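K.L.:
everything below, folded, please.
(one chain, ligands or ions: 2)
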Amino acid sequence: MVAAPFSALGSLSVYDSYDETPHIGTRFPNKSVQLSQLLAAPNSDELLKDLATLVSHRGVVFFTEQDISIEKQKELGTRLGELAGKPATSTLHVHPISEQTPELTADVSVISSEGGIARTGYSKSARASNGWHTDITFEPVPSDYAILKLHTLPAVGGDTLWASGYEAYDKLSPAYQKFLEGLTAQHDGSGFREFAKAENKIINEPRGSPENTGSHLTAVHPVIRTHPVTGYKSLFVNKGFTKRILELTEDESDDVLDYLFRHVSENHDMQVRFRWNLNDIAIWDNRCTFHTATNDYQGLRTGNRIVSIGEKPFFDPSSLSRRKALGLDEAAGLPTDKKKPM
Ligand SMILES: O=C(O)CCC(=O)C(=O)O
Ligand SMILES: [Fe+2]
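P.N.:
Ligands and ions are numbered 1, 2, ... in the order given. Model (predicted):
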């Protein structure tokens, strides 16, 4: 007997959706599915809890042409994390260099082709793959979910890519997995620190948790973390912010990190690429994914992002990897009972 494939949709299974790739990304293609309506539904707690679970399993979930206001986007970010069980002290992140404007509060980041947090340190001549990161891992209590809505787009270009931290772990050999488990790494938001210094700006604090304070913007996290919602192991080092594996010599750390960053950027079988329509929304889980924008376009590209704060990352040695938990074949990404004889 062939087991039914695992589905994390729960109460959201009444809406049309499809997986973008086997390992990451699910899309709700119909604009009749509006996040504003899920928020207002009588069973909104059930729907939003299931949405949080879905995002945690699939890494990133896409919604088409959304009418949601920035206030409701903030409410959604807050409720997803709360329903998924984050600590009561965790709220929306205030970015260290985001500015409060008359229209937007400090817990909203403007993602703009013209500057700001999405463009600090951006160099046109650099490799596109240099942009891979996970949001704000320099915080002692980093993010659970992030929600981005783009309201101004170029005619073509500006796609965003996400990669799965679960699959990044699962694709490593058992020996390499074991080597990484239990190691810890230093994360550093030096780009933002330097930007603030050069522009004579004050670093905002506290930033969504009583533990996210100060202007050092550094934190130590496990290299492999256990996801608190799914229980799966995920690779948790990223090119944007991870500087050093503390238990290794500097040279060893540089080589291992370089290998792991390339592991994420060069394995397109653990990635999904999203081409935006106006007012589409992406919701991703910063505990188990990496992402990067594509700077290949002309003209304006702008939107609003909220990042919510989750919990302190931890590693539970008894947790399972995603492939083990789902019974996926180690080599071919197929359920074991579907494996064809060679
Ligand atoms: O502009 C994008 O596509 C993504 C920017 C980004 O890294 C973010 O919103 O966290
Ligand atoms: Fe980001």
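
K.L.:
helices or strands up against the biggest helix by length in the chain?
P.N.:
The helix that spans the most residues within the chain, counting by DSSP state H, is helix 250-266. Secondary structure elements in contact with helix 250-266, counted by 3 or more Cβ pairs under 8 Å, 6 or more residues apart in numbering; DSSP states H and E, are helix 165-170, strand 233-235, strand 242-245. All C-beta spots, glycine's among them, are computed from the backbone N, C-alpha and C.

K.L.:
helix/strand/coil for the closest residue to Arg273 other than its chain neighbours?
P.N.:
Counting by Cβ to Cβ, 6 or more residues apart in numbering, Arg273 lies nearest to Leu161, which is 4.8 Å off, once chain neighbours are set aside. When states are read from DSSP: H, G, I helix; E, B strand; the rest coil, the local structure at Leu161 comes out as strand.

K.L.:
so how many other residues sit close to Leu161?
P.N.:
Other residues lying near Leu161 total 22 when counted by other Cβ atoms under 10 Å.

K.L.:
coming back round to it: for the helices and strands packed on helix 250-266, which one ends up most surrounded?
P.N.:
Looking across these with neighbours counted as mean count of other Cβ atoms under 10 Å, the highest average goes to strand 233-235: a mean of 28.

K.L.:
by contact count, what packs against it?
P.N.:
Using 3+ Cβ pairs under 8 Å, 6+ apart: strand 233-235 touches helix 165-170, strand 224-226, helix 250-266.

K.L.:
quick one: average confidence on the helix or strand containing Leu76?
P.N.:
Secondary-structure element containing Leu76, defined by DSSP states H and E: helix 70-83. Per-residue pLDDT values over helix 70-83 give a mean of 98.

K.L.:
going forward, begin numbering at 48 instead of 1
P.N.:
In the new count, where the first residue is 48, that last one comes out as helix 117-130.

K.L.:
for the helix or strand just after that helix, name the packing helices and strands.
P.N.:
Tracing the chain past helix 117-130, the next element assigned as helix or strand by DSSP H and E is strand 156-159. Applying 3+ Cβ pairs under 8 Å, 6+ apart, one finds that strand 156-159 makes contact with strand 349-356.

K.L.:
for ligand 1, give me its nearest residue in the stretch 148-297 of the chain.
P.N.:
Each residue of the stretch 148-297 of the chain has a distance to ligand 1, by Cβ to the nearest ligand atom, and the smallest belongs to Thr207, at 3.6 Å.

K.L.:
state the distance from the residue nearest the centre of the chain to Asp191.
P.N.:
Computing the C-alpha centroid of the chain and ranking residues by Cα atoms, centre = their mean puts Asn333 first, at 2.9 Å. Computed as Cβ to Cβ, to the nearest Å, the Asn333 to Asp191 distance reads 7 Å.

K.L.:
just Thr111 next, same as before
P.N.:
Computed with Cβ to Cβ, the distance linking Thr111 and Asp191 is 24 Å.

K.L.:
what about those two, which has more around it?
P.N.:
When neighbours are counted by other Cβ under 10 Å, Thr111 and Asp191 differ, and Asp191 comes out ahead with 28 against 16.

K.L.:
helix/strand/coil for that one?
P.N.:
Asp191 falls in the strand class when you classify it by three-state DSSP.

K.L.:
run a quick neighbour tally on the spatially closest residue to it that is not a sequence neighbour.
P.N.:
Here the nearest residue to Asp191 in space, its sequence neighbours aside, is Gly357; by Cβ to Cβ, 6+ apart that works out to 3.0 Å. For Gly357, the neighbour count with other Cβ under 10 Å is 27.

K.L.:
quick one, what contacts Gly357?
P.N.:
Contact partners of Gly357, counting by Cβ atoms under 8 Å, 6 or more residues apart in numbering, are 128, 133, 137, 188-192, 275, 333-334.

K.L.:
farthest-apart pair in those, please.
P.N.:
For the contacts of Gly357, the farthest-apart pair by Cβ to Cβ is Val188 and Tyr192; their separation is 13.6 Å.

K.L.:
which of those two has more residues huddled nearby?
P.N.:
Neighbour count, other Cβ under 10 Å: between Val188 and Tyr192, Tyr192 has more, with 27 against 23.

K.L.:
does Ser83 touch Gln113 like I think?
P.N.:
Yes. With contact defined as Cβ atoms under 8 Å, Ser83 counts as touching Gln113 (7.2 Å).
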